[in-house]
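Visitor: Sharing a sequence plus its predicted fold:
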Amino acid sequence: MNIKRTFLLLFIIPLLSFSAHKYYLSLTQINYKKEAKALQIIINVFMDDIELALNKDNNIDLQLTTKRELKNNDVYFKNYLKEKLQIKVDGTLKNFNYLGKEYDGDLVFFYLEIENIESVKDLEITNKILLKHFPEQQNLVKTKVGKNNKSVILTKDKVVGLLQH
């Protein structure tokens, strides 16, 4: 009995004390649609992370996907994305249109568009989404221009990525 108790204390209990590690990751997909002369952008983030960030930054309680969800939450999402995401096309900063969002499971998908883009050689992306509240956050950016696919992972130590097409 004494050996079993020692085994339990030395090996089993320390193993049980480790909890599952939460990953902090967003995905930004940017596709150039030549026929539309537009960059179409989809960003997906974990709902609980973006909700926490917006609640803390704005002193609000979004209560996403509940009956008490704030009706004007798109204002907060739009302002947050405009503050945390910048896109330069061939060296020129471009403003994006916030088209909306949708929820899917534990993710929020944001839909953005940049119009009047004749061609794309370079995309410079500054992505600071969730970095203020989650230092381990990684923001994966994937781009597609024609048949060229490029990607970069941005972190608190590297918030800007240049993708040449």
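Guide: Yep, that arrived.
Visitor: how about the helices in the chain?
Guide: All helices of the chain, identified by DSSP state H, fall at 2-7, 13-16, 47-58, 73-84.
Visitor: residue ranges with poor pLDDT in the protein?
Guide: Within the chain, the stretches with pLDDT under 70 are 1-21.
Visitor: swap the cut-off to 90 and go again
Guide: Counting by pLDDT under 90, the chain contains low-confidence ranges at 1-24, 71.
Visitor: mind listing the strands in this structure by residue range?
Guide: Counting by DSSP state E, the chain has these strands, from start to end: 25-33, 38-46, 85-89, 92-94, 97-104, 107-115, 122-127, 138-145, 148-154, 160-164.
Visitor: got these as CSV, with distance to Asp74 and mean neighbour count columns?
Guide: Just so you know, the C-beta spots here come from the backbone N, C-alpha and C atoms, and that holds for glycine as well. Shown next, in CSV, are those (distance: least, Cβ to Cβ, whole Å; neighbours: other Cβ atoms under 10 Å):
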stretch, distance to Asp74, mean neighbour count
strand 25-33, 18, 19
strand 38-46, 14, 20
strand 85-89, 15, 19
strand 92-94, 21, 12
strand 97-104, 7, 13
strand 107-115, 10, 18
strand 122-127, 20, 20
strand 138-145, 21, 20
strand 148-154, 24, 15
strand 160-164, 27, 15
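Visitor: Could you say which of the helices of the chain is packed most deeply?
Guide: helix 47-58 (a mean of 17; mean count of other Cβ atoms under 10 Å).
Visitor: And that one, what does it pack against?
Guide: helix 73-84, strand 107-115 (3 or more Cβ pairs under 8 Å, 6 or more residues apart in numbering; DSSP states H and E).
Visitor: which helices and strands does the longest one pack with?
Guide: Contact analysis of helix 73-84 by 3+ Cβ pairs under 8 Å, 6+ apart lists helix 47-58, strand 97-104, strand 107-115 as its packing neighbours.
Visitor: what do you get if the cut-off is 10 Å, keeping everything else the same?
Guide: With contacts defined as 3 or more Cβ pairs under 10 Å, 6 or more residues apart in numbering; DSSP states H and E, helix 73-84 has these neighbours: strand 38-46, helix 47-58, strand 97-104, strand 107-115, strand 122-127.
Visitor: In CSV, list the ones you listed along with distance to Lys144.
Guide: Formatted as CSV, the helices and strands packed on helix 73-84 follow (distance: least, Cβ to Cβ, whole Å):
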stretch, distance to Lys144
strand 38-46, 10
helix 47-58, 24
strand 97-104, 18
strand 107-115, 14
strand 122-127, 10
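Visitor: Gln138: which of those is closest?
Guide: Nearest of those to Gln138, taken as Cβ to Cβ: strand 122-127 at 9.9 Å.
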